[in-house]
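Undergrad: Build me a model:
(chains A and B)
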Amino acid sequence: MSGLSIGGSQIDASWFLILAAILFIIGTAGVLVRRNPLVILICIELMLNAANLTLVVFSLQLHNLEGQLFALMSMTVAAAEAVVGLAILVDIFHVRDVEDIDELSEMKG
Amino acid sequence: MAVAGAIGVVAFREPIRSVLSLVLVMLALAVLFLLLSAQFVFVVQIIVYAGAVMVLFLFVIALFGPTRELARTRLRFQSWLSALFVLAFLGLVWTMVQGIKYRQPDQGTDLSVFGTVQSIAVGLFTTYLYPFELTSILLLVAAIGAIYLSRKKIDDL
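TA: All right, here's what the predicted structure looks like:
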């Protein structure tokens, strides 16, 4: 019913969704557990990639190109986010070394 | 392979190994995009992600040298809390995926040109021209912001 024809063989779309879910959850775990701000940005990239995978899977499932277009949009947003996040990190690293994201708590109210 | 790379992202202590594992994940996902007949997304994934964004991360790491993450002494409860959260989240998503009822695909789509550069471009420049222009403005703002953030330091020197 939900088979995607890929290279002549049918693959269930759920496998791709489960893979995307696992990647997203690993990214979430990374954001929660890791303390290095750089690694947290990397894990956010991982989560965005998992979301892109679901978009592309549903795009093929529904034979609708909008999913792929939206995946491209989210790649753009992810690139912009990475650039700004890394610029802020570089700015902070110039002032002092930060090895723990919890050291950056000056802005809390 | 993608899952192994993703575990590597989280598990390695040096950030540089996390980045290289993420490159592995990106490439595995790019192959999956190609399988899912998303050729243009595949090319963009390789060039923009595995190429540009990862090089950016590597530059930042190279700029500040390798820093090993210290063994965490405080906030032990946080790992337990996040493990609990992650398990609950996994169960939730798993149930959702099992319960999906797929709609029948739209008829009359020519799958031989699905996901090619031409079909992507037709969608991007006709129906979705306005969001496309908005992303260009977003990229411009991000570039200006990055330049501004790095320029301030040069003035201080």
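
Undergrad: Could you say which helix or strand holds the residue nearest in space to the middle of chain A?
TA: Central residue of chain A (CA atoms, centre = their mean): A:Leu48, 1.9 Å from the mean position. Using DSSP states H and E, A:Leu48 falls within helix A:37-61.

Undergrad: about what we covered before: from what I can see the residue nearest to the centre of chain A touches A:Ser74, true?
TA: Yes - the criterion here is CB atoms under 8 Å, and A:Leu48 meets it with A:Ser74 at 6.4 Å. Yep, even glycine has a C-beta here, placed from its N, CA and C like the rest.

Undergrad: May I ask you to name the longest helix in the chain?
TA: Answering for chain A, as no chain was given. Taking DSSP state H as the criterion, chain A has its longest helix at helix A:66-95.

Undergrad: wrong chain, I was asking about chain B
TA: Per DSSP H, chain B has its longest helix at helix B:129-156.

Undergrad: who touches A:Leu72 in this structure?
TA: Residues in contact with A:Leu72 (CB atoms under 8 Å, 6 or more residues apart in numbering or on different chains) are B:40-41, B:44, B:120, B:124.

Undergrad: go on, B:Arg103?
TA: Neighbours of B:Arg103 in contact, by CB under 8 Å, 6+ apart: A:Leu62.

Undergrad: That one: what secondary structure?
TA: coil (DSSP: H, G, I helix; E, B strand; the rest coil).

Undergrad: Could you find the closest non-adjacent residue to the residue nearest to the centre of chain A?
TA: Among residues not flanking A:Leu48 along the chain, A:Ala78 sits closest, at 4.5 Å (CB to CB, 6 or more residues apart in numbering or on different chains).

Undergrad: okay but the one you found is in contact with A:Met47, surely?
TA: No - at 9.6 Å, A:Ala78 does not count as touching A:Met47 under the criterion of CB under 8 Å.
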